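In: here is my input, please return the structure:
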Amino acid sequence: MGSPPRRLSACRAAGPAAVVSFPLSVKEQCQLTGLHHAGAYHTLIARQLNNRAPIARRATEAARLRIVGWDAPSHGRIPPFPLVTPSFRACRGISPLLDYTAMAWTKERIEKMIADGVEEGPTLDYKRAASLEKSDDKRIEITKDVSSFANSSGGTIIYGVAEFQDGDRRHLPERPDPIQRAEISKEWLEQIIQTIQPRIEGLQVYPVAWDEKANTVCYVVEIPQSDTAHQARDHRYHMRYNFTTQAMEDYQVRDVMNRGTHPRIRGWIFVNKHPGRPGEGTILVRLKNVGRILARHFMVHLQLPLDMNGLISVQGPVVMHEREDGFCHELRLMPESAESPLFPGSDTTLQRPIRTDISEWRHVNGRPMDSVRDVRVRMFADEMPAIEATLEVGSVLFDWAEVSTPAPAP
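Out: Residues are numbered from 1 along each chain as shown. Next up is the predicted model:
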């Protein structure tokens, strides 16, 4: 493709819908997206675009904002997560738990979220100004909402945005509904939040000035996922489930409290078919230790379909496993050295080469072998409860797909 300046020029000339089939360095990635240092780029997991949308719709949405086609083995680079501009991360309400560089909350950022119709979800909640009324019921609701995020996956609450009330558009932002700063101060809100027991470490409250003459403001509360369970003012434990806050069962409280006794690992998988190198590909699994406990031993167990938009074979050790719904490649990914712990806050990428130029898979008797239709992943780390997930084939081919155990139905 030529020198770095020519590559960057070609990317810019192609416009925001460019799909790039050559590797870019971190410096080039940052230059292309208007960012100025490697720590400023942000990651986006495909499932966070729109969990309920079909893969094709998610791909269309992401293609306007991303660069794909990294060729890791030939250039010594692991494919990075798709790059997105800070404004895109802002309007998506993505949880701050993946160590994204901090980004200021502004009036323009919130207005863009409203204009773009960014929907509430497990890590984002909108609250009207009336939610901060100084009544006992409202004080309890504040602590229930905030503690539920800490007990779940963390997230953001924006006080000062009204939602639509009709069924079809419920959970979508309707309009700004700013708060009178003279009546409800940041200090008052922080005092109410601090009545949650125990206190939530790392929580931040950001006042966003709205109208200087009217002295109005929105309050943005960013809540990290906690290593223990937090109790609201009603002396109960709550968790976030989709768009709602619900009381926790006893086993859920115990699970949350155990976060501080074993490693907590998050994982993503991406099956990268290398552009420009027909027949070659790589299975990539990225693991990140998001807890405070050292992970001394970890392993990923995979079941991959024979057919992943084309037949594949996997470099050994691997076995051909027969399930009720067909055949799959079964393999384990582990670090090369048993003495390679995963320290808190650190991450690693496990990988295995694949071939994508396979013409057929047949039984020993000559019959074709039917392929399973999903990807199954199990992640283990010391005493951590196993994380299990069943993923669509398209999601792991399209982008990095997060591996997470589905939440139990309420």
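
In: list the buried ones in the helix of greatest length in the chain?
Out: Taking DSSP state H as the criterion, the chain has its longest helix at helix 136-151. Buried residues in helix 136-151, counted by 16 or more other C-beta atoms under 10 Å: 139-151. (C-beta placed from N, C-alpha, C; glycine too.)

In: okay, buried residues for stretch 254-268 please.
Out: With burial defined by 16+ other C-beta under 10 Å, the residues of stretch 254-268 counted as buried are 256, 258-259, 263-268.

In: what do you get for stretch 289-297?
Out: Judged by neighbour count (16+ other C-beta under 10 Å), stretch 289-297 contains these buried residues: 289-291, 293, 295.

In: in helices, which of the residues you listed appear?
Out: Among the buried residues of stretch 289-297, none falls in helices (DSSP H).

In: could you chop the protein up by domain?
Out: For the chain, whose domains are defined here by automatic domain parsing, the residue ranges read 4-84, 100-259, 265-403.

In: can you redo these as CSV with mean pLDDT?
Out: Rendered in CSV, the data for the domains of the chain read as follows (pLDDT from 0 to 100):
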stretch, mean pLDDT
domain 4-84, 38
domain 100-259, 91
domain 265-403, 89
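
In: roughly how far out does stretch 379-392 sit from the chain middle?
Out: Shown here is stretch 379-392, whose average C-alpha point lies 16 Å from the average C-alpha point of the whole chain (C-alpha atoms, centre = their mean, to the nearest Å).

In: neighbouring contacts of that stretch?
Out: 55, 255, 261-265, 267, 269, 287, 289, 293, 295-301, 342, 374-378, 401, 403-406 (C-beta atoms under 8 Å, 6 or more residues apart in numbering).

In: enumerate every residue touching Thr143.
Out: The contact partners of Thr143, taken as C-beta under 8 Å, 6+ apart, are 192-193, 195-196, 232-234.

In: of these, keep whichever come out buried.
Out: Buried subset of the contacts of Thr143 (neighbour count, 16+ other C-beta under 10 Å): 192-193, 196, 232-233.

In: nearest to Ile110 among those residues?
Out: When the buried ones among the contacts of Thr143 are ranked by distance to Ile110 (C-beta to C-beta), Ile193 comes first, at 19.9 Å.

In: buried sites along stretch 295-305?
Out: Here stretch 295-305 shows 295, 298, 300-305 as buried, counting by 16+ other C-beta under 10 Å.

In: with just CA atoms, put it into PDB.
Out: Output for stretch 295-305, consisting of C-alpha atoms alone and laid out as PDB, is shown next (Å, rounded to 0.1, in the frame of the first residue of the first chain):
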ATOM      1  CA  ALA A 295      -5.000 -14.900  38.000                       C
ATOM      2  CA  ARG A 296      -2.200 -17.500  38.200                       C
ATOM      3  CA  HIS A 297      -3.800 -20.000  35.800                       C
ATOM      4  CA  PHE A 298      -6.300 -19.500  33.000                       C
ATOM      5  CA  MET A 299      -7.700 -21.400  30.100                       C
ATOM      6  CA  VAL A 300     -10.300 -21.000  27.300                       C
ATOM      7  CA  HIS A 301     -12.200 -24.000  26.000                       C
ATOM      8  CA  LEU A 302     -13.700 -23.500  22.500                       C
ATOM      9  CA  GLN A 303     -16.100 -25.400  20.300                       C
ATOM     10  CA  LEU A 304     -16.000 -23.900  16.800                       C
ATOM     11  CA  PRO A 305     -18.200 -24.900  13.900                       C
END
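
In: next one: it to chain centre, how far?
Out: 19 Å.

In: please apply the same query to stretch 219-232.
Out: With C-alpha atoms, centre = their mean as the basis, the distance from the averaged C-alpha position of stretch 219-232 to the chain average is 18 Å.

In: what's the end-to-end length of it?
Out: End-to-end distance of stretch 219-232 (C-alpha to C-alpha, to the nearest Å): 20 Å.

In: what's the spacing between Tyr159 and Val221?
Out: 7 Å (C-beta to C-beta, to the nearest Å).

In: and if you look at Glu280?
Out: As for Glu280, its distance to Val221 is 47 Å (criterion: C-beta to C-beta).

In: what of Ser337?
Out: The span separating Ser337 from Val221 equals 42 Å under the rule C-beta to C-beta.

In: do Pro344 as well
Out: Using C-beta to C-beta, one gets 25 Å for the distance from Pro344 to Val221.

In: which one's more surrounded, the two?
Out: A count of neighbours by other C-beta atoms under 10 Å puts Val221 above the other of Pro344 and Val221, at 23 against 14.

In: so what's that one up against?
Out: For Val221, the set of contacting residues under the criterion of C-beta under 8 Å, 6+ apart consists of 146, 156-159, 189, 193, 203-206.

In: could you dump those residues into a markdown table with distance to Val393 and secondary structure added?
Out: Supplementary listing: the contacts of Val221 in a markdown table, determined by distance: C-beta to C-beta, whole Å; DSSP: H, G, I helix; E, B strand; the rest coil:
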| residue | distance to Val393 | secondary structure |
| --- | --- | --- |
| Val146 | 38 | helix |
| Thr156 | 32 | strand |
| Ile157 | 36 | strand |
| Ile158 | 36 | strand |
| Tyr159 | 41 | strand |
| Leu189 | 46 | helix |
| Ile193 | 43 | helix |
| Leu203 | 39 | coil |
| Gln204 | 39 | strand |
| Val205 | 42 | strand |
| Tyr206 | 40 | strand |
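
In: next, the contact list for Glu330, please.
Out: Applying C-beta under 8 Å, 6+ apart, one finds that Glu330 lies in contact with 301-303, 318-321.

In: please, which helix or strand holds the residue nearest to it when sequence neighbours are not counted?
Out: The shortest distance from Glu330 to any residue other than its chain neighbours is 3.9 Å, reached at His321 (C-beta to C-beta, 6 or more residues apart in numbering). Here His321 sits within strand 319-323, counting by DSSP states H and E.

In: alright, calling it a day.
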